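> Here is my input, please return the structure:
(one chain, ligands or ions: 3)
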Amino acid sequence: MNGEQVVRVAVPVPVRRLFDYLAPADTPAGVRVQVPFGRGRAVGVVVEAGVEPGVDTARLKPVTRVLDQRPLLPEDTAALVSWAARYYRHPPGEAFQHAIPGLLRGGRQAAAPGEPAWRLTAAGRGADPAALAARAPRQAAVLARLREAARPLTATALAEEDGARARWRDALARLEGKGLVERAGPAAPEPVGPTEPGPALNAAQAAAVEAVRGALDRHGTFLLHGVTGSGKTEVYLHLVQAVLATGRQALVLVPEIGLTPQLVDRFRRRLGAAVGVLHSGLAEGERLAAWLAAAEGRLPVVIGTRSAVFTPLARPGLVVVDEEHDPALKQQEGFRYSARDLAILRAARADIPVVLGSGTPSLELLALAEQGRARLLELPERAGAARPPRLELVDLRNQPLDAHLAPRLRQAAARHLAAGRQVLLFLNRRGFAPVLMCHACGWQADCPRCDTHLTLHRAEARLRCHHCGTDRPAPAACPACGAGELLALGAGTQRIEEQLAALFPGHEVVRIDRDSTRRRGALEAALERARAGRGQILLGTQMLAKGHHFPNVTLVGVVDADQGLFSADFRGPERMAQLILQVAGRAGRGEHPGEVLIQTHHPDHPLLQALITEGYDAFARRLMAERRAAALPPYAHMVLLRAEAAAREAPAAFLARAAALAGRGGPEVTVMGPVPAPMERRAGRWRAQLLLQSSRRGPLQRLLDVLLPALEADPAARRVRWSVDVDPQEMF
Ligand code: ADP
Ligand code: ZN
Ligand code: ZN
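Ligands and ions are numbered 1, 2, ... in the order given. This is a model prediction of the structure:
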């Protein structure tokens, strides 16, 4: 062991453990190392250095290369990733892969700290890249990229696609010689625009800001409860400003990429500080640049989606989670972590406040508030001039429907359109019709690989499965009996779009769903048409429900509220209410009051009634009482084991073994199942699940400690694909 030590490395392989290697004695934790693995090599992250050497040190292999001089991940970030990997039972190597930018996964050099960033000079801003393009295409590209980025870029950032960092450096040097670019200096703050003043805070906003601002120097969990338009974002802005004034950084998490541009824009204009964005839609080079800037403390504000919770920050001061109730904050595949829960943990460890905002708080956060572990800050009214929309149920029973709208909703739409306003219709079902049936024999187009019908997409004459991607031509005649009359039953957004066009001639319909926005830029174009008021009728799925601000929308119609009411998932009603209110929040955000009509075949359903007549708080209190009585989250903790296989019996057989092993988990853990998954067959595989439940997290975690290694070693595990989901959000 001369000048050597044992290091524990997170190697990106699907195994729930770390691997020991020998490394030079001065190798710190947090650096990347290249290691021999299997017959090849891999790049991993040192999680622990100076590990007590075990007896078989002689059998350890040395790392092939140490890739970083200084830790790539600071200690707190590395610890958060390790904690998350352990808690959510994900292979640590893969968790670390997830947490670092793509460009650093392969072992490429991170920009050396202090790598210069470059910006355009006045001459550079005036230069025409096209004039350079023929002779010096790389220089032309530099000019174009700098113009586009509107902030300094390093050679590393420029080399994102081709990796030719030396060539980009060369191009920069030549441009510098021509006086077209200059060094912005490694620590130079990014150019900041003038700050725009915001509105004066109302009393509730001011109280919320004060509550957090008075506690910036320590950890606290704040639930900012305010409907859409109540001014939550204003509160975030004031708090971020206060944090920046102390020289610290703020991390803002949002559930969807689609919500970032508007927010980033608003933050930039208001704060006059550099605001970095981190989400999966970025070019890798941009992502790396923002990540490094955050890690080095050069980026005061980071706004990002889920994985941004792992962004290293040199001086963390505040974490904000917007729309904390949104299920998108929990990753549903692979590394199944909750960015919201990790944000709270991260803030606790950093001893800084975390502010979680929502118009429809999750029952988890409401329970924290109830237990005194989160402080509730209420914004009871809409900010500015906007008034709350009026909610009304429309009884669909026995009503003549046109475009799936009852007369009440049709008339209201006509009235709002005639007044020059916009109407938003929400239907969470894309395609033309969810069922295609033969009128002669009753045959239905079912997915051959899933327990579900195929959806008719009539414009393209295709039948598609929204679960497995099966996609086939729609038949002209019944494949079973040959009859020619096939009925399209039920309505998706495409069908309603057609019918609306006939019902309201002269008014443009803008449809926003996954199909209409598949083309790059299509979503932005549609939103722009909607915002500009060119489309008077906005029709869409939940893509349309989130975050967008359409000031001229005064009527919102929920076409079918019953979808969520009778869901197999115990969270169905909670999600339904959150979605309905989120959509409702699109109405009357401008100066005109809004109206919200909710169509249902169950107008007397007690939960719907509670929601409409008493509001979300009362509705949530009812649900919480039900959950408490039934010992369901947030009053219990769950782990869901899922298994699937091509052979029908295999998943249940495997989970039955798991259940038998889990039975020894002690009296505090209830084992339920195995049972078939709500959709038992999907993409050609049979699926089953096993639920482990306890009133405390500890016993579940201790059970997983013994259960998972046993399952990994079980030969039956090889016949299924299985996964573990800690704190599952979806029970499918
Ligand atoms: P939320 O994030 O809760 O949806 P926002 O902060 O986006 O709410 O505010 C909604 C709208 O009201 C925005 O246009 C915002 O500029 C405006 N607004 C917020 N607070 C105030 C205030 N105190 N006075 C006037 N207008 C306000
Ligand atoms: Zn038939
Ligand atoms: Zn299918």
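> which stretches of the stretch 101-250 of the chain aren't confidently modelled?
By pLDDT under 70, the low-scoring segments of the stretch 101-250 of the chain are 107-115, 150, 160-161, 163, 185-194.
> Which residue, other than its chain neighbours, is closest to the residue in it that ligand 2 sits nearest to?
Per C-beta to the ion, Thr228 is where the stretch 101-250 of the chain lies closest to ligand 2, at 47.4 Å. Where C-beta positions appear, they are placed from N, C-alpha and C, glycine not excepted. Beyond its immediate neighbours in the sequence, the residue positioned closest to Thr228 (C-beta to C-beta, 6 or more residues apart in numbering) is Gly585, lying 3.0 Å away.
> Report pLDDT for the one you found.
With respect to pLDDT, Gly585 has a value of 81.
> now that we're looking at the residue of the stretch 101-250 of the chain closest to ligand 2, how far away is Thr221 from it?
For Thr228, the distance to Thr221 (C-beta to C-beta, to the nearest Å) stands at 22 Å.
> And Arg125, by the same measure?
46 Å.
> the more surrounded of the two?
Under the criterion of other C-beta atoms under 10 Å, the comparison of Arg125 against Thr221 puts Thr221 first, with 19 against 12.
> give the contact list for Ala348.
Counting by C-beta atoms under 8 Å, 6 or more residues apart in numbering, Ala348 touches His219, Thr221, Val354.
> again, only using 7 Å
His219 (C-beta atoms under 7 Å, 6 or more residues apart in numbering).
> Can you point out the buried residues in the helix or strand where it lies?
Taking DSSP states H and E as the criterion, Ala348 maps to helix 339-350. For helix 339-350, the buried set under the neighbour-count rule, 16 or more other C-beta atoms under 10 Å, comprises Ala339, Arg340, Asp341, Leu342, Ala343, Ile344, Leu345, Arg346, Ala347, Ala350.
> Among those residues, which one sits closest to Ala207?
For these, the residue nearest Ala207 by C-beta to C-beta is Ala347; the value is 20.9 Å.
> hang on, isn't the closest one packed against Leu356?
No: applying C-beta atoms under 7 Å, one finds Ala347 not in contact with Leu356, separated by 9.9 Å.
> ok, which stretches of the stretch 451-600 of the chain are strands?
455-457, 462-464, 471-473, 486-489, 509-512, 537-540, 553-558, 595-600 (DSSP state E, counting those that start in this stretch).
> Packing partners of the last one?
Which is strand 595-600. strand 390-395, helix 407-418, strand 553-558 (3 or more C-beta pairs under 7 Å, 6 or more residues apart in numbering; DSSP states H and E).
> now swap in the fourth one and tell me
When contacts are defined as 3+ C-beta pairs under 7 Å, 6+ apart, strand 486-489 sits against strand 435-438.
> I'd like to know the average pLDDT value across the strand it packs on.
Mean predicted lDDT for strand 435-438 stands at 96.
> Using PDB, write out the CA atom coordinates for it.
C-alpha atoms of strand 435-438 as PDB (Å, rounded to 0.1, in the frame of the first residue of the first chain):
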ATOM      1  CA  VAL A 435     -63.000   2.600 -28.900                       C
ATOM      2  CA  LEU A 436     -63.700   1.300 -32.400                       C
ATOM      3  CA  MET A 437     -66.600  -1.200 -32.500                       C
ATOM      4  CA  CYS A 438     -68.400  -3.300 -35.100                       C
END
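> Enumerate the positions of it that are buried.
Within strand 435-438, the residues that count as buried by 16+ other C-beta under 10 Å are Leu436, Met437, Cys438.
> Could you tell me how far Cys478 is located from His439?
Taken as C-beta to C-beta, the span from Cys478 to His439 is 8 Å.
> Arg415 too?
From Arg415 to His439 the distance is 37 Å (C-beta to C-beta).
> ok, which residues in the chain are in contact with ligand 3?
Cys447, Arg449, Cys450, Cys465, His467, Cys468, Thr470 (C-beta under 5 Å from the ion).
> By neighbours, which of these wins?
Cys447 (23 neighbours).
> That residue reaches Thr470, doesn't it?
Yes: the pair Cys447 and Thr470 qualifies as a contact (C-beta under 7 Å) at a distance of 5.3 Å.
> list residues touching both of these two?
In contact with both Cys447 and Thr470: Leu454, using C-beta under 7 Å, 6+ apart.
> okay, now Thr541: neighbour count?
Neighbourhood size, Thr541 [other C-beta under 10 Å]: 20.
> from now on call the first residue 23
Taking 23 as the first residue, the last one we looked at is Thr563.
> which residues of the stretch 623-754 of the chain score low on pLDDT?
Those would be 686-687, if you go by pLDDT under 70 across the stretch 623-754 of the chain.
> Show me what residue of it gets nearest to ligand 2.
In the stretch 623-754 of the chain, the residue that lies nearest ligand 2 is Arg703 (23.3 Å; C-beta to the ion).
> burial measure for that residue, as a count.
Arg703 has 20 nearby residues by other C-beta under 10 Å.
> cool, Val581 as well?
25.
> Could you point out which residue ranges in the stretch 373-522 of the chain have low pLDDT?
Checking the stretch 373-522 of the chain against pLDDT under 70 turns up 406-409.
> and the top helix by length along the chain, which residues are buried?
Ranked by number of residues, the top helix in the chain under DSSP state H is helix 719-735. For helix 719-735, the neighbour count (16+ other C-beta under 10 Å) marks Pro721, Leu722, Gln723, Leu725, Leu726, Leu729, Leu730, Leu733 as buried.
> After that helix, which helix or strand is next?
Next along from helix 719-735, by DSSP H and E: strand 743-748.
> ok, residues contacting that next one?
Against strand 743-748 from outside (C-beta under 7 Å, 6+ apart): 109-111, 358, 661-667, 676, 730.
> Put together CSV for these, with secondary structure and distance to Glu306 on each row.
As requested, the contacts of strand 743-748 are exported to CSV (DSSP: H, G, I helix; E, B strand; the rest coil; distance: C-beta to C-beta, whole Å):
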residue, secondary structure, distance to Glu306
Tyr109, helix, 28
Tyr110, coil, 25
Arg111, coil, 28
Arg358, coil, 24
Val661, strand, 34
Leu662, strand, 33
Leu663, strand, 35
Arg664, strand, 31
Ala665, strand, 35
Glu666, strand, 32
Ala667, strand, 36
Phe676, helix, 38
Leu730, helix, 33
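> Taking those residues, tell me the two that lie furthest apart.
Greatest spatial distance in the contacts of strand 743-748: Tyr109 and Ala667, 27.2 Å, computed using C-beta to C-beta.
> Leaving out the residues flanking it, which one is nearest to Val580?
Val580 sits nearest to Ile620 (C-beta to C-beta, 6+ apart), 4.4 Å away.
> now that neighbour, which residues is it bridged with?
When assigned by DSSP bridges, Ile620 has beta-bridge partners Leu415, Val580.
> do you know how far it is from Arg412?
Ile620 sits 11 Å away from Arg412, taking C-beta to C-beta as the criterion.
> When those two are compared, which one has more neighbours?
Ranked by neighbour count (other C-beta under 10 Å), Ile620 and Arg412 place Ile620 first, with 23 against 14.
> Surely the more buried one touches Val578?
No: taking contacts as C-beta under 7 Å, Ile620 lies outside contact range of Val578: 8.8 Å.
> what residues are up against the closest residue to Leu401 other than its chain neighbours?
Spatial nearest neighbour of Leu401, chain neighbours left out: Gly248 (2.9 Å); criterion: C-beta to C-beta, 6+ apart. Contacts here follow C-beta under 7 Å, 6+ apart; on that basis Gly248 touches Lys254, Gly381, Glu400, Leu401.
> Mind checking which of those land in strands?
Glu400, Leu401 (DSSP state E).
> Tell me the one of the contacts of Gly248 nearest ligand 1?
Each of those was checked against ligand 1 using C-beta to the nearest ligand atom; the closest is Lys254, at 3.4 Å.
> What number of residues are in the vicinity of that closest one?
Lys254 has 25 nearby residues by other C-beta under 10 Å.
> So for it, what's the nearest residue that isn't a sequence neighbour?
Gly379 (4.4 Å).
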